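> structure here, sequence nowhere to be found:
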């Protein structure tokens, strides 16, 4: 009998997992820090309030494990927004169908001009982003966009609407390297509150997307939650359990986790679960200790100070100079933004910060060539 993660997720009760995390003690945290092969129970301990007293130890171990696996390098990437058209209503997103903003989808010429503008910044790794509008920015549009920008970039990732296995396979054949697909929240009942209309309202379909990606033979997939929608500790446990399952089933695929916190946007939804900077450091370190092979990614949603300090504590991939509106690098129009950027420093400025901390900003991932 074939199982998927939705079957496994049903074995976990949200309230029981929450109680388990919040009941962890200092003894549990110390055991987790000393375990050479951490389990999901150890991850709970590292997420728990009890672990906040061990942040220094967690940070030191996270730094050591990251250097041991990834060296003194930070992979640089940049988001490339193709469209802000969307058929979903999501309570937290500036692209939501019910938000009254000008809509824009880049033409072929605009895609090429945007690619040239990004290339001038020095990037070789781009993340193509769209709203979820199948008729406007469906598979054919994405295939065409990949073909147009392939001459400019050696690594192309996407963060778009979930599609079918065969459709992912056609994009992989075009040169697609990675797909980011965030569940947003693993709280099944409340997921419907945050996604009342559109294809994204189908919780199960979205949850099974990484399964389809694995079957399509994707090189790398990125997981994550939108921190703030529900209890960040419990949501993160479910995300880690999902990761655990996928790594065992699709062991040839690489994995990454991102840490987007709700930011101000045109939709204006309120935070349900506030995570402090200190707690976000705890979460990042918890993931690193739990999984040394995992790539950990950080966007420009965070402040300059936070991003400066997180470089040494487990992050392996980071963006800079980001624009969240279609055509934002060639012809910026802030009225089209998906969310508000916090760290607005230039690529050169941020690359210098990375170097000052003894790390090397890497703009090209050579493993594709080595394959």
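Sure thing, it's come through. If you're wondering where the values come from, they're calculated on a predicted model, not measured in any experiment.
> and the strands in the protein?
With DSSP state E as the criterion, the chain has strands at 73-81, 125-129, 155-159, 176-180, 220-223, 254-258, 295-298, 317-319, 360-362.
> can you redo those as CSV with mean pLDDT, mean neighbour count and distance to residue 348?
Where C-beta positions appear, they are placed from N, C-alpha and C, glycine not excepted. Shown next, in CSV, are the strands of the chain (pLDDT from 0 to 100; neighbours: other CB atoms under 10 Å; distance: least, CB to CB, whole Å):
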stretch, mean pLDDT, mean neighbour count, distance to residue 348
strand 73-81, 96, 23, 11
strand 125-129, 97, 22, 17
strand 155-159, 96, 22, 21
strand 176-180, 97, 23, 25
strand 220-223, 98, 21, 26
strand 254-258, 98, 20, 24
strand 295-298, 97, 22, 18
strand 317-319, 96, 22, 14
strand 360-362, 95, 17, 10
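> so can I have JSON lines of those strands showing distance to residue 114?
What follows is the strands of the chain, written out as JSON lines (distance: least, CB to CB, whole Å):
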{"stretch": "strand 73-81", "distance to residue 114": "7"}
{"stretch": "strand 125-129", "distance to residue 114": "10"}
{"stretch": "strand 155-159", "distance to residue 114": "13"}
{"stretch": "strand 176-180", "distance to residue 114": "18"}
{"stretch": "strand 220-223", "distance to residue 114": "22"}
{"stretch": "strand 254-258", "distance to residue 114": "22"}
{"stretch": "strand 295-298", "distance to residue 114": "22"}
{"stretch": "strand 317-319", "distance to residue 114": "16"}
{"stretch": "strand 360-362", "distance to residue 114": "22"}
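> out of those, which comes closest to residue 143?
Proximity to residue 143 (CB to CB) singles out strand 176-180 among these, at 9.1 Å.
> and that closest one, which strands flank it?
strand 155-159 (parallel), strand 220-223 (parallel) (DSSP bridges).
> ok and it relative to strand 73-81, angle-wise?
Taking axes from the mean of the first three to the mean of the last three CA atoms, to 10 degrees, strand 176-180 and strand 73-81 form an angle of 80 degrees between their directions.
> and the angle from strand 176-180 to strand 125-129?
50 degrees.
> hmm, back to that, out of the strands of the chain, which gets nearest to residue 48?
So among the strands of the chain, strand 254-258 is nearest, using CB to CB, at 18.4 Å.
> figure out how far that closest one is from the centre of its chain.
The chain centre lies 7 Å from the centre of strand 254-258; the measure is CA atoms, centre = their mean, to the nearest Å.
> list the contacts for the nearest residue to residue 168 once chain neighbours are set aside?
Distance criterion CB to CB, 6 or more residues apart in numbering; nearest residue to residue 168, sequence neighbours excluded, is residue 216 at 3.6 Å. Shown in contact with residue 216 (CB atoms under 8 Å, 6 or more residues apart in numbering): 165, 166, 168, 169, 172.
> now which of the residues you listed would you call buried?
Buried members of these, counted by 16 or more other CB atoms under 10 Å: 168, 169, 172.
> I'd like these laid out as TSV, including pLDDT and distance to residue 348.
Shown next, in TSV, are these (pLDDT from 0 to 100; distance: CB to CB, whole Å):
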residue	pLDDT	distance to residue 348
168	98	35
169	98	38
172	97	33
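> between those, which sits nearest residue 205?
Taking CB to CB as the measure, residue 205 lies nearest residue 168 of the buried ones among the contacts of residue 216, at 13.8 Å.
> how close does that closest one get to residue 139?
In this view, residue 168 and residue 139 are 9 Å apart by CB to CB, to the nearest Å.
> can you check residue 204 too?
Residue 204 is 21 Å from residue 139, by CB to CB.
> residue 286 now?
In this view, residue 286 and residue 139 are 36 Å apart by CB to CB.
> the two: who's more crowded?
Ranked by neighbour count (other CB atoms under 10 Å), residue 286 and residue 139 place residue 286 first, with 27 against 17.
> mind listing what the residue nearest to that one when sequence neighbours are not counted touches?
Distances taken as CB to CB, 6+ apart put residue 46 closest to residue 286, at 3.7 Å, once the chain neighbours are dropped. If a contact means CB under 8 Å, 6+ apart, then residue 46 has 29, 32, 33, 38, 58, 282, 285, 286, 289, 290 as its contacts.
> out of the buried ones among the contacts of residue 216, name the ones that lie in helices.
168, 169, 172 (DSSP state H).
> correct me if wrong: the second one contacts residue 213.
No - distance between residue 169 and residue 213: 10.0 Å, which falls outside the contact criterion (CB atoms under 8 Å).
> which stretches of the stretch 151-300 of the chain have low pLDDT?
263-270 (pLDDT under 70).
> helices of that one, residue ranges please.
165-174, 188-194, 203-207, 209-216, 232-249, 277-290 (DSSP state H, counting those that start in this stretch).
> how about the longest one: buried residues?
Yep, that's helix 232-249 we're talking about. Neighbour-count burial for helix 232-249, counted by 16+ other CB under 10 Å, picks out 232-246.
> and the residue nearest to residue 136 when sequence neighbours are not counted, how far from residue 99?
In space, and not counting its chain neighbours, residue 136 is closest to residue 85: 4.9 Å by CB to CB, 6+ apart. Relative to residue 99, residue 85 is positioned 12 Å away (CB to CB).
> now do residue 93
Using CB to CB, residue 93 is found at 8 Å from residue 99.
> which one among the buried residues of helix 232-249 gets closest to residue 64?
Nearest to residue 64, judged by CB to CB, of the buried residues of helix 232-249 is residue 240 at 20.3 Å.
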